[in-house]
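Enquirer: Quick one, fold the following:
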Amino acid sequence: MSSLTAIFGSSEEKAQDSDKLMDLYWNRAELKKEFAGLRKEQYRLQDKVKQQEGATARLQQRLEHLEDLLVDSQLAHSVVVFYQLRGLGLQCERMLAKFAEQLKQQREQKSHDSLLEDWQQDLRNESKSVELELLEKRDSVFQLEDQLQSEQRRLTSMSGLVRMFRGRSAMKKIDRIAEQIELAAQEDQAIVIRLDEIKNRQPPDHQGLDVPTKRSINLMILAFAQQLYIHFADADIANLIKESTEKSVGAINYGTRHECNRLLDQISKSADSMEQNANFADVLQKRAKLLSETAKFADDRDPVPLAGSVATIYRFDADGKVHRSEGNLASENYWGISKIFSR
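Expert: Just a heads-up that it's a prediction; the model follows:
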């Protein structure tokens, strides 16, 4: 027997060997899985490095291109004009975005205040109704208590002979009234708890703006965008700004040094006057109203007007007369308006 064990091994040894093989198998599988994950991460990082190298190379090319432009005395002044126009465009975009955010916050606050006022009024009405119910319940308890005392006095005043015949009926009536008082007290407590729950109720969270309000905001945003366009219409600065956002530096030649300096002067004056002239709230309201008369939307849920339906620019002279001209600011994405619209 011992010789067989020596040749084939014991069952316990076989089980141990089997467990070791299984452990080795699973460890190998886990290592392969981990290795595959590391390889995948390596490829991802290599791709990221290539992308970064490509971005760095493109940036270097742009920098070299800009240096070449600045070295060229014929083009250096155009480069300055280009970046002044682009900077003014970014300034206008920030102004429009700030206006949109302030308008949105105002409407949200107004909407929430209205919602909160309605909620508080409903709460007062509900509290008043429950308080009235509580008063009626307590009044009925007082009446039952008076009735109980009256029945108790009547029982006490009965003579022995009368109590013998009527006492049991009187006691049943007293017990019935006492039960009614106990039940009424329980109902009273339930009403008090309900009243406390009403008074401790938390106000509703803000539900966000509805579609009509968002449409109103977007028309005001468009009215402001038109105000910027009209202000920078002199010397065609608005279109020059738009062109600078769509083309690369060096792709536009703004003329001689004298012409560039004159354009820079116009850009500076227009920017300064825009900062100083901010009293046009009434104009925006009038323009937004006119835009609303023609605005159309893709469906009932879309707050952004179809660009073709608001492609008219409205100007107002000193006498209040309205002047109309074509200008699809929404379609052409002036001042980055497409990302500023409330959605």
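Enquirer: Touching stretch 30-42 from outside, list them.
Expert: Counting by C-beta atoms under 8 Å, 6 or more residues apart in numbering, stretch 30-42 makes contact with no residue outside itself. Yep, even glycine has a C-beta here, placed from its N, CA and C like the rest.
Enquirer: Convert the C-alpha atoms of that stretch to CSV, please.
Expert: This file holds the C-alpha atoms of stretch 30-42, laid out as CSV (Å, rounded to 0.1, in the frame of the first residue of the first chain):
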residue,chain,number,x,y,z
GLU,A,30,-5.7,38.3,-13.9
LEU,A,31,-2.1,39.2,-15.0
LYS,A,32,-3.2,39.0,-18.7
LYS,A,33,-6.2,41.1,-17.9
GLU,A,34,-4.1,43.7,-16.1
PHE,A,35,-1.5,43.6,-18.9
ALA,A,36,-4.3,44.3,-21.5
GLY,A,37,-5.5,47.2,-19.5
LEU,A,38,-2.0,48.7,-19.2
ARG,A,39,-1.5,48.3,-23.0
LYS,A,40,-4.8,50.0,-23.6
GLU,A,41,-3.8,52.9,-21.3
GLN,A,42,-0.4,53.1,-23.1
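Enquirer: sec struct for the nearest residue to residue 243 once chain neighbours are set aside, please.
Expert: Once flanking residues are discounted, residue 243 sits nearest to residue 252: 6.5 Å by C-beta to C-beta, 6 or more residues apart in numbering. For residue 252, the secondary-structure state derived from DSSP: H, G, I helix; E, B strand; the rest coil is coil.
Enquirer: Next, the contact list for residue 252, please.
Expert: Contacts of residue 252 (C-beta under 8 Å, 6+ apart): 78, 82, 243-244.
Enquirer: Kindly reformat those as CSV containing distance to residue 301, secondary structure and neighbour count.
Expert: Below are the contacts of residue 252 laid out as CSV (distance: C-beta to C-beta, whole Å; DSSP: H, G, I helix; E, B strand; the rest coil; neighbours: other C-beta atoms under 10 Å):
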residue, distance to residue 301, secondary structure, neighbour count
78, 46, helix, 23
82, 41, helix, 24
243, 35, helix, 16
244, 36, helix, 22
